[in-house]
Each structure stands twice: as structure tokens, then as C-alpha cells.
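Engineer: Here's my sequence, what's the structure:
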Amino acid sequence: MILCSQAKLENDNRSKNVKRGLRTKCEMGVRPGRPPIGYKMVRSERFGEPSTIEVDEERAPYIKKLFTYIVEKGMSGREAKEKLQKEGFRNISGGMVGYSRIFNILQEPFYYGEFVYGGIRYQGNHKPVITKELFQKTQSKLRRTLKGKWGRKQFYFNQILKCAECCSGVSGTEHTNRHGKTYVYYKCNIQVQQIRRNKKVQM
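Structural biologist: Below is the predicted model:
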């Protein structure tokens, strides 16, 4: 029991020391963890010196464009995302940036120089990508586009193809993979309706 109590005491003290170190790091203006897209972590070449957060010159201009598209051109987050995607905006691994990630970027105060950690807001020592005024204007104008209405998109084979089993019509849906390629899939209308009924019954 004495050994177990001593081990627990050491773990508790270690946890307190880690939390104290993270809080001190935040007070120094450095957010713990990986920086958001648009910034990069630069490891120090000298032993014992802390790493620094610098602006990613390749992706930071797209971040600034994202905010300006919302404020100056009145775009929604979805519209701005699609425009930046056409202009070549990609994440660190070269993949597409998802819609949820775009909205997280638009609500991230890190880009104007502040950050929130543990429910507390701190002033960062990193270089801002946008101004606080631009960020606040974006929050007031940010809106989410409504999902497209059923039947809004026209699929060429909807009225031509028939289900091989029941000879009913088919409906098309679009799916975009992680490489940005869009494919159209056709499903039997009867089977789709049955799946929806089963989901309602389970709920």
C-alpha cells in the first residue's frame, strides 16, 4: 500500500508539473501542440532551445484570401472553399481541405495573434496572418449555405437507366474522393426508399 501510494503521488506531481509547464508556455505566447494550417513548426538546431512557430509562406496567402472572400466579396464558407480549391489551396500532405476544416479556420483566433487553451485566451508571440478587425468582420458575415434541394442537380442517366431487378427508376448522387475527383453513382429508387424506412424504424 505504501508503494502504491508513493507511485500515485509521483504521478500526481508529474501531472501538476506538466500542467504548470503548459500554462507557463501559454503565458509566454506559445500555444502547445501543432499550429494550424498556414503556420509551421520550426525546430531549433541548438539543443535546449524551444521551437518557433513561423508563417507558412505557401499556404498563408490562401488563409488571408479566405477571410477577404467572406468580408469583401460576400461569399459563404462553401463558396470561398471551392474558389480556393480551384486556385490550388491544399493541406500539408497535398490533399483537399474539407468544409469542416474551412469553418474551423474561419473561427480560429490564432490567425490574428491570439489563441485559446484550456478555456483561457492568451496573446501569442507569432506573426499574425490577418488583422483582428478582419476576423471580427468575418464572424459577423459568416453564414452557412443551405443544402441543395432534392432534384436540383440533373443527372443524365436518371430517366434512361432502369434497375435490373425491379425495373424501377434510378437516382444519381455525386461523391468526391480525397483526391478531388468526383464520381456519379446510381441507385435503385425502391431500394433507397426501403433503406430510409428501415432507418426510421430503428430510430
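Engineer: Mark out where each domain of the protein begins and ends.
Structural biologist: 29-141, 148-203 (automatic domain parsing).
Engineer: first vs last residue of the longest one, how far apart are they?
Structural biologist: Distance across domain 29-141, first residue to last, is 29 Å (Cα to Cα, to the nearest Å).
Engineer: ok, now stretch 18-37?
Structural biologist: End residues of stretch 18-37 are separated by 26 Å (Cα to Cα).
Engineer: what about that stretch, average pLDDT?
Structural biologist: Mean pLDDT, stretch 18-37: 86.
Engineer: With stretch 68-77 instead?
Structural biologist: On average, stretch 68-77 scores 90.
Engineer: And stretch 92-103, by the same measure?
Structural biologist: 88.
Engineer: And stretch 172-186, by the same measure?
Structural biologist: On average, stretch 172-186 scores 78.
Engineer: cool, stretch 190-203 as well?
Structural biologist: Stretch 190-203 comes out at a mean pLDDT of 57.
Engineer: which residue ranges form the strands in the protein?
Structural biologist: Counting by DSSP state E, the chain has strands at residues 39-42, 52-55, 114-117, 120-123, 170-176, 182-188.
Engineer: which secondary structure elements does the last one contact?
Structural biologist: With contacts defined as 3 or more Cβ pairs under 8 Å, 6 or more residues apart in numbering; DSSP states H and E, strand 182-188 has these neighbours: strand 170-176. (Each C-beta comes from the backbone N, C-alpha and C, glycine too.)
Engineer: any idea of the angle the strand it packs on forms with strand 182-188?
Structural biologist: 150 degrees (axes from the mean of the first three to the mean of the last three Cα atoms, to 10 degrees).
Engineer: what distance separates stretch 97-105 from the middle of the whole chain?
Structural biologist: With Cα atoms, centre = their mean, to the nearest Å as the basis, stretch 97-105 stands 3 Å off its chain's centre.
Engineer: Show me what that stretch is in contact with.
Structural biologist: 36-38, 63, 66, 77-78, 80-81, 84-85, 89-91, 111, 142, 144 (Cβ atoms under 8 Å, 6 or more residues apart in numbering).
Engineer: Could you tell me which of those residues count as buried?
Structural biologist: 36-38, 63, 66, 77, 80-81, 84, 89-90, 111, 142 (16 or more other Cβ atoms under 10 Å).
Engineer: Among those, which ones are in helices?
Structural biologist: Under the assignment DSSP state H, the buried ones among the contacts of stretch 97-105 contribute Ile63, Leu66, Gly77, Ala80, Lys81, Leu84 to helices.
Engineer: follow-up on the earlier one: can you lay out the domains of the chain as CSV showing distance to Arg20?
Structural biologist: Listed next are the domains of the chain as CSV, based on distance: least, Cβ to Cβ, whole Å:
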stretch, distance to Arg20
domain 29-141, 12
domain 148-203, 40
